[in-house]
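Visitor: Give the three-dimensional model of this entry:
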Amino acid sequence: MPESGPKKKNFLQKLGERIIFILTGEKPRRHRTHSPRISHGISELSERKQVVGVASKKRRKKKRRVLPPFLNNLINPVNGKSTRTLPARDIPGQSSGNEDINKLPSPEIFHSNAVHTTSERSSQSIKIRKHRPIRKKSIFQSLFSTSKREKREKNSRQAFIDDVRKVIPEERSALLNSLGFYILAYLLVYLVYQFTETVVASNFNIDSVLFYYEIYFPIGNASPLWSRFNIIVITLSSPFVSVMLAIILLRVVLMREKLKPQLRLFFLWVAFHGATHFLGAFVAGIATSQGFGYVANWLYMNVFFRILVSLIFLFLLTVTGYYSAVFALETLPAGVRQHRWRLSVALGARFIIPWIIGGLIIIVIKFPNAIPQHPNIMVYDAIIIASMGFMVIPAFFNYKAKPRSVAERPSRHRRPPGLLISALAIVTLILFRLAFDRGIHFVINFSFDMGYYR
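Guide: Numbering: from 1, shown residues only. Just a heads-up that it's a prediction; the model follows:
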């Protein structure tokens with residue numbers, strides 16, 4: 001078949017193109033025969049249609065020519081006032097026309113559609129939203145209505161109050177449980193403290209009578225059996241045994257992982273009472289000249305040294321309580337330590353409130369019904385009980401304490417029998433007063449003799 005070359009133009013066609021070039025300033029477009037291109041996104045059926053269409057040389061659709069602007073205004077004049085259109089802006093989340101054309105698989109096929117879409121977007125006017133007018137509140141609304149911020153704060157406060165109300169029943173049982181252990185631990189340490197003094201005094205042939213509020217010495221204060229040495233030894237022995245008990249519990253017993261939570265809490269209270277009966281007892285003895293204060297008196301300490309040692313002992317109490325927060329946290333259930341407010345409530349219910357309520361109960365029950373031999377002995381005991389605050393309060397401020405995952409802790413935490421333990425502790429305290437109301441006289445004779453039998 002002969003090759004189909006470009007057709008020659010006649011004179012009239014050339015003349016018409018020249019006139020159009022003079023009027024419009026645009027050169028006439030040359031009609032080129034494009035080779036058929038098949039896009040990747042079209043199915044096989046459409047590909048066949050394109051190939052058949054090119055092979056059969058069907059009549060192509062004429063492209064719609066766009067007239068120049070001044071001819072378009074002459075042919076189609078705009079009626080009325082000209083509307084002002086804002087230039088098209090890039091809207092976030094919506095790509096421009098050029099980007100859409102670049103993303104298309106075959107720009108030659110979709111060229112005409114892209115031109116129409118870009119022209120439509122550029123001609124569309126962007127609507128500018130008007131701000132809503134601010135409504136002024138009336139005097140009644142400004143005085144009595146609540147703002148959104150106040151409503152949010154009120155809702156959060158109400159949610160917090162609801163959470164606290166849900167926690168109260170569980171913490172009430174834990175409070176009574178810890179209160180009972182506090183009283184029982186105090187009675188244990190107090191008896192160890194007094195029995196130690198009684199045994200050491202008997203070694204110097206000094207008998208003693210144990211009351212529920214003090215140790216009474218029948219020989220009196222002017223007996224020749226008293227000496228500077230045995231006074232220091234007798235009054236120092238009880239605090240020394242107490243602090244040794246606290247060290248053993250804090251450094252040996254409570255360090256064990258296989259220890260039940262109830263027993264762990266009781267031993268922790270015993271350790272706290274043991275520490276206060278040494279470090280707090282010195283401060284109480286300096287203030288009242290009783291108990292541990294006899295050591296400072298018979299060692300002839302000056303006032304500055306007494307105050308300095310008292311401050312050092314209070315500092316040691318604070319440090320001991322701060323680092324003992326790990327043992328305090330190990331007595332709590334694992335879910336309690338997730339939120340700080342929940343942890344603070346648990347520590348307050350298990351340590352702060354039992355210390356206050358238990359201390360008041362002990363002072364009231366131990367108040368003597370007769371004049372004691374040592375006039376300031378109740379003040380001495382009250383200061384020892386009050387010094388417990390230097391151990392339990394610092395536990396709130398130890399945010400770096402990392403309790404161990406105790407292996408014996410059950411997966412489901414059972415509520416402790418708080419009411420039973422607290423009732424048992426108060427009954428034991430009352431029985432302690434009734435048993436030692438009349439005084440128990442201790443006469444212990446140590447006889448040691450060694451020699452040849454014959």
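
Visitor: which residues of this structure score low on pLDDT?
Guide: Applying pLDDT under 70 to the chain flags the ranges 1-9, 25-155, 157, 160, 337, 405-416, 446-449, 453-454.

Visitor: cutoff 50 now
Guide: For the chain, applying pLDDT under 50 flags the ranges 1-4, 38-58, 79-119, 121-123, 407-413.

Visitor: Strands along that one, start to end?
Guide: For the chain, applying DSSP state E gives strands covering 208-210, 215-216, 440-442.

Visitor: neighbours around residue 159, how many?
Guide: Residue 159: 10 surrounding residues under other C-beta atoms under 10 Å. Glycine gets a C-beta too; all of them are placed from N, C-alpha and C.

Visitor: now the one 3 residues further on
Guide: Applying the criterion other C-beta under 10 Å, we find 10 residues in the vicinity of residue 162.

Visitor: Contact partners for the closest residue to residue 273 other than its chain neighbours?
Guide: For residue 273, ignoring the flanking residues on the chain, the nearest one in space by C-beta to C-beta, 6 or more residues apart in numbering is residue 189 at 4.0 Å. By C-beta atoms under 8 Å, 6 or more residues apart in numbering, the residues touching residue 189 are 242, 245, 270, 273, 274, 277.

Visitor: do that again at 10 Å, thanks
Guide: Contact partners of residue 189, counting by C-beta atoms under 10 Å, 6 or more residues apart in numbering, are 241-242, 245-246, 269-277, 384.

Visitor: which of those residues lies closest to residue 451?
Guide: Closest approach between these and residue 451, by C-beta to C-beta: residue 241, at 32.9 Å.

Visitor: Give me the neighbour count for the closest one.
Guide: Neighbour count of residue 241, defined by other C-beta under 10 Å: 21.

Visitor: For residue 287, see how far away it is.
Guide: Using C-beta to C-beta, to the nearest Å, residue 241 is found at 22 Å from residue 287.

Visitor: right, and out of the contacts of residue 189, which lies closest to residue 169?
Guide: Proximity of the contacts of residue 189 to residue 169 (C-beta to C-beta) peaks at residue 269, which lies at 23.2 Å.

Visitor: show me the contacts for the nearest residue to that closest one once chain neighbours are set aside.
Guide: Leaving aside its chain neighbours, residue 269 sits nearest to residue 185 (3.7 Å; criterion: C-beta to C-beta, 6+ apart). Residue 185 makes contact with 265, 266, 267, 268, 269, 270, 271, 272, 273, 274, 358, 425, according to C-beta under 10 Å, 6+ apart.

Visitor: ok, 7 Å please
Guide: By C-beta atoms under 7 Å, 6 or more residues apart in numbering, the residues touching residue 185 are 266, 269, 270, 273.

Visitor: Residue 428 now?
Guide: Neighbours of residue 428 in contact, by C-beta under 7 Å, 6+ apart: 184, 187.

Visitor: so how far is residue 384 from the residue nearest to residue 273?
Guide: According to C-beta to C-beta, residue 189 and residue 384 sit 10 Å apart.

Visitor: intersection of neighbour lists for those two?
Guide: Common neighbours of residue 189 and residue 384, using C-beta under 7 Å, 6+ apart, are residue 277.

Visitor: Let's see stretch 347-365 as CSV, backbone CA atoms only.
Guide: Extracted in CSV, the C-alpha atoms of stretch 347-365 (Å, rounded to 0.1, in the frame of the first residue of the first chain):
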residue,chain,number,x,y,z
LEU,A,347,-0.3,4.6,102.9
GLY,A,348,-2.3,7.0,104.9
ALA,A,349,-4.9,4.3,105.8
ARG,A,350,-2.2,1.7,106.7
PHE,A,351,0.4,3.9,108.5
ILE,A,352,-0.5,7.5,109.2
ILE,A,353,-4.0,7.0,110.7
PRO,A,354,-3.1,3.9,112.7
TRP,A,355,-0.1,5.8,114.2
ILE,A,356,-2.4,8.7,115.3
ILE,A,357,-5.4,6.6,116.5
GLY,A,358,-3.3,3.8,118.0
GLY,A,359,-1.0,6.3,119.8
LEU,A,360,-4.0,8.0,121.4
ILE,A,361,-5.6,4.7,122.4
ILE,A,362,-2.4,3.6,124.1
ILE,A,363,-1.9,6.9,126.0
VAL,A,364,-5.5,6.8,127.2
ILE,A,365,-5.4,3.2,128.4
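
Visitor: Would you mind listing the outside residues contacting that stretch?
Guide: Stretch 347-365 is contacted from outside by 171, 174-175, 178-179, 182-183, 186, 328, 331, 382, 385, 388-389, 392, 395-396, 429-430, 433, using C-beta under 7 Å, 6+ apart.

Visitor: how about 8 Å then?
Guide: 171-172, 174-175, 177-179, 181-183, 186, 265, 328, 331-332, 378, 381-382, 385-386, 388-389, 392-393, 395-396, 426, 429-430, 433.

Visitor: thinking again about what came up before, and the contacts of residue 189 as a markdown table, adding distance to residue 303?
Guide: Below are the contacts of residue 189 laid out as a markdown table (distance: C-beta to C-beta, whole Å):
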| residue | distance to residue 303 |
| --- | --- |
| 241 | 28 |
| 242 | 26 |
| 245 | 31 |
| 246 | 28 |
| 269 | 34 |
| 270 | 34 |
| 271 | 32 |
| 272 | 29 |
| 273 | 29 |
| 274 | 28 |
| 275 | 25 |
| 276 | 23 |
| 277 | 24 |
| 384 | 21 |
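
Visitor: Farthest-apart pair in these, please.
Guide: The distance between the two most remote of the contacts of residue 189 (C-beta to C-beta) is 17.3 Å, for 241 and 269.

Visitor: Just to check, residue 254 is in contact with residue 328?
Guide: No - contact criterion C-beta atoms under 8 Å: residue 254 and residue 328 do not qualify, at 10.2 Å.

Visitor: Just want to know which of the two has more residues nearby.
Guide: More neighbours surround residue 328 than the other of residue 254 and residue 328, with 24 against 20 (other C-beta under 10 Å).

Visitor: what about the closest residue to the more buried one other than its chain neighbours, how many residues close to it?
Guide: Of all residues not flanking residue 328 in the chain, residue 395 sits nearest, at 5.0 Å (C-beta to C-beta, 6+ apart). Residues lying near residue 395 (other C-beta under 10 Å) number 22.

Visitor: Ok, residue 168 next?
Guide: By other C-beta under 10 Å, 13 other residues sit near residue 168.

Visitor: Of the contacts of residue 189, which is the nearest to residue 297?
Guide: Residue 297 lies nearest to residue 384 out of the contacts of residue 189, by C-beta to C-beta, at 17.8 Å.

Visitor: wait, isn't that closest one in contact with residue 282?
Guide: No - using C-beta under 8 Å, residue 384 is not in contact with residue 282; the gap is 9.8 Å.
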